[in-house]
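Asker: All I have is the shape, not the residue letters:
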């Protein structure tokens, strides 16, 4: 397969967006998956405990990987298995081709194995003159089609039954009707000869047990069991990340893999291969006799052992290869794994690509990850996929820098508050010919596509920092001194939100101060991996807030809050002096609703009320899954006397903004936004409340084009309106 650096990603995106079969298949599965998964876990008493047990087992395995590998090899060898450790794909292919030549192998039957996909094994074997046939139905179909897998568990999910029938007809040289049971039966008849005639069977493994040298296969088709038993030689290709210490540890995998992958309580087949078993064949006299059989385990490194020793990337060993992260990924659901992937798909695929294939291949597809963290929520191993991608982005920037344009903007604009804010003020004037109220509905020429399905936010005539002096009141005997961090969006796009936040805090008898030297939190810079510039921005913000010596730092933007609360600490991990200063302020960080809701509760202001106006709520990704805050906003909205709170479907699904992603990849952002707008409309709400200014920008833009009768308000604005009506 070609390297991603040689791909025309824009063209691929366009093709997949126009592929109705793909969009329909992925959309239907994404719709059904959460319910199926939840139902499958109904009889699991404590899912989080199960996930944590699996995670800890994997962490301990990686910490002792060398000893566990040695034990696995020793136990397998005791049982007659030949074990080979391949340093990379070329090494593995040489060993296997040499084995085939030595043993006179002509025909090979394979069961599903992503590790063999990873190293393009089939192509190498065919070049060596061997007949190779995939026997997993999905792999067999895409092999005929000449496609790569688009999903780690369901490789042919991107194809319709009509397309499959065409490929069946092509392969079997006869007309095959569009009838799934008939097609399956035809595949069985065809593949039966492959099983019978195969000299060698090649399989992957879902796990390898050090305690007894066994490998386990979890499947829904009987092909893997035949591949591992019928041919006279069985070869297992297994990555080091699949090793586990004991057979007891396999229970974690068996309890989660089927449920997470396909929403099943268990799969149709669970196969354990424990050493060499005799092969019974008919002799010349027609009698059954035992024939010598061979089993080979090939342990594939290909970058895995380096990752296992990496203090950050070793977390990738927690991957169960269930692909649940793909099943809930908003981007994957729109464009599929052929776009969002190299060999392995999705966010976890981007990470695996980095150490299995190299950083250049990673750098292109990593931009598809929007950091919504939905994947982390369902991952059995609790892998922080967006966090690992951020780490790899930072390493890529450190290795060869940023693109020139981004470097100039980051170092000379975003890191210089005065220049940055001056440019925003100039932009507020320059936008006038295109502005319509608070939005920009049309742009000229090649920019027109950006505002086709979504209006863009207009920069405010007067930023919040120019208004704050007029709205700040002197509070007698304040309860606390609050320092307000507005962030770029509230300061320059939604200053009314900033005014509402101040009004609510002052109504709670809080003294509010706004340090004028504050600027962007640095998330756009840090998100692209430029930690040096990010540190400079963080230092200036820290200095600005140290001067006011506030009791609490309040944020109206969860992204900014998380950046201050977590990211600032991580980027100063190797700088004790600045880390101490960042930690001191991080302890004071509170998101607006998180701070206000308990105070309202203490004052008896959280009693449920139902008004005439229906309001729903969109959970931003950074708020819900980053900060873990979602109850407080609902409590506040429930208590607003003029409103009736209604929950929308998929309230916590990403709106598709994701910072620069929403601008750079507008064509992907828009289908994600449309789903969000449809859910808002279907809720019957007249107002959608949000707690994130970036989501406000995106949802406001979508509603302005698709449902202009529905308004968007920050939670703080709804509370401020209540205060005004007292």
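Answerer: All right, it came through fine. Just so we're clear, the structure is a prediction, and the values are computed from it rather than from any experiment.

Asker: Work out for me the element the closest residue to residue 503 other than its chain neighbours sits within.
Answerer: Of all residues not flanking residue 503 in the chain, residue 720 sits nearest, at 4.5 Å (CB to CB, 6 or more residues apart in numbering). Quick note: C-beta positions are derived from backbone N, CA and C, even for glycine. Using DSSP states H and E, the element containing residue 720 is helix 715-724.

Asker: Return the residue of the protein that is most distant from the centre.
Answerer: residue 285 (60.0 Å; CA atoms, centre = their mean).

Asker: Then that residue would be within a strand, right?
Answerer: No. Counting by DSSP: H, G, I helix; E, B strand; the rest coil, residue 285 is not part of a strand but coil.

Asker: Show the contacting residues for it.
Answerer: Residue 285 makes contact with no residue, according to CB atoms under 8 Å, 6 or more residues apart in numbering.

Asker: From here on, call the first residue 57.
Answerer: Fine by me, first position is 57 from now on; the one you just mentioned is residue 341.

Asker: roughly how far apart are it and residue 70?
Answerer: 65 Å (CB to CB, to the nearest Å).

Asker: Partner strands of the helix or strand bottoming out on mean pLDDT in the chain and their direction?
Answerer: Using mean pLDDT, DSSP states H and E, the weakest-scoring helix or strand in the chain turns out to be strand 335-338, at a mean of 76. Partner strands and pairing direction for strand 335-338 (DSSP bridges) are strand 344-347 (antiparallel).

Asker: contacting residues around the partner strand?
Answerer: Contacts to strand 344-347, defined as CB under 8 Å, 6+ apart, come from residues 288, 334, 335, 336, 337, 338, 339.

Asker: Dump the residues you listed into JSON lines; add neighbour count and distance to residue 489 as well.
Answerer: Written out in JSON lines, the entries for the contacts of strand 344-347 read as follows (neighbours: other CB atoms under 10 Å; distance: CB to CB, whole Å):
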{"residue": "288", "neighbour count": "16", "distance to residue 489": "77"}
{"residue": "334", "neighbour count": "10", "distance to residue 489": "83"}
{"residue": "335", "neighbour count": "17", "distance to residue 489": "80"}
{"residue": "336", "neighbour count": "10", "distance to residue 489": "84"}
{"residue": "337", "neighbour count": "12", "distance to residue 489": "84"}
{"residue": "338", "neighbour count": "9", "distance to residue 489": "87"}
{"residue": "339", "neighbour count": "9", "distance to residue 489": "90"}
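
Asker: Quick check: which ranges of the stretch 357-506 of the chain have low pLDDT?
Answerer: Within the stretch 357-506 of the chain, the stretches with pLDDT under 70 are 499-506.

Asker: The chain now?
Answerer: 57-62, 499-506.

Asker: State which helix of it is the longest.
Answerer: Of all segments of type helix in the chain, defined using DSSP state H, the longest is helix 76-96.

Asker: Report the buried residues of that one.
Answerer: For helix 76-96, burial by neighbour count (16 or more other CB atoms under 10 Å) applies to 78, 79, 81, 82, 85, 86, 89, 90, 93, 96.

Asker: Can you add distance to residue 373 and give those residues back as CSV?
Answerer: Below are those laid out as CSV (distance: CB to CB, whole Å):
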residue, distance to residue 373
78, 31
79, 33
81, 31
82, 28
85, 27
86, 27
89, 25
90, 26
93, 23
96, 25
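
Asker: which among these gets closest to residue 711?
Answerer: When the buried residues of helix 76-96 are ranked by distance to residue 711 (CB to CB), residue 86 comes first, at 15.8 Å.

Asker: What number of residues are in the vicinity of the closest residue to the closest one other than its chain neighbours?
Answerer: Closest residue to residue 86 apart from its sequence neighbours, by CB to CB, 6+ apart: residue 389 at 4.5 Å. By other CB atoms under 10 Å, the residues close to residue 389 number 22.

Asker: Which neighbouring elements make contact with the helix or strand encompassing residue 389?
Answerer: Element membership for residue 389 (DSSP H and E) is helix 386-391. If you count contacts as 3 or more CB pairs under 8 Å, 6 or more residues apart in numbering; DSSP states H and E, helix 386-391 packs onto helix 65-73, helix 76-96, helix 722-739.

Asker: For those helices, could you give me CSV that also reports distance to residue 544?
Answerer: What follows is the helices and strands packed on helix 386-391, written out as CSV (distance: least, CB to CB, whole Å):
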stretch, distance to residue 544
helix 65-73, 28
helix 76-96, 32
helix 722-739, 19
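
Asker: what about these, which gets the closest to residue 311?
Answerer: The nearest among the helices and strands packed on helix 386-391, by CB to CB, is helix 76-96 at 10.1 Å.

Asker: And the closest one, what does it pack against?
Answerer: helix 65-73, helix 306-318, helix 380-383, helix 386-391.

Asker: This completes my enquiry, with thanks.
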